[in-house]
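**Student:** Test case, fold it:
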Amino acid sequence: MTNINGETTDVLVPVELWQQLISSINSDNVSGLAWIDKQELKAQILADLQESVRQAAGQTFPVSELWD
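**Tutor:** Okay, here's the model as predicted:
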């Protein structure tokens, strides 16, 4: 949405998308995982971890870089 000067002031978001956004912000207090993490297949998580370990073989990185 724009104001009289044509400047963007607001946006309209479909309810389904809004609920997903809110869910991803409000992570599950029990598991500590965000919505997006809960949707990821365990096989994909394992594959990502294996690839990270393979890439890091013989190297050291700060933990924050490994998450990227």
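
**Student:** Return the list of helices and strands in contact with the helix or strand hosting Ala47.
**Tutor:** Assigned by DSSP states H and E, Ala47 belongs to helix 42-56. Using 3 or more C-beta pairs under 8 Å, 6 or more residues apart in numbering; DSSP states H and E as the contact test, no helix or strand touches helix 42-56. In this view, the C-beta of every residue, glycine as well, is placed from N, C-alpha and C.

**Student:** What mean pLDDT does it get?
**Tutor:** Mean per-residue pLDDT for helix 42-56: 81.

**Student:** repeat for stretch 11-29
**Tutor:** Stretch 11-29 comes out at a mean pLDDT of 78.

**Student:** Show me which positions of that stretch end up buried.
**Tutor:** Buried positions in stretch 11-29, judged by neighbour count with 16 or more other C-beta atoms under 10 Å: none.

**Student:** circling back: and after the helix holding Ala47, which helix or strand comes next?
**Tutor:** For helix 42-56, the following helix or strand on the C-terminal side (DSSP H and E) is helix 63-67.

**Student:** Now tell me what touches that next one from outside.
**Tutor:** The contact list for helix 63-67 (C-beta atoms under 8 Å, 6 or more residues apart in numbering) reads Ser52, Ala56.
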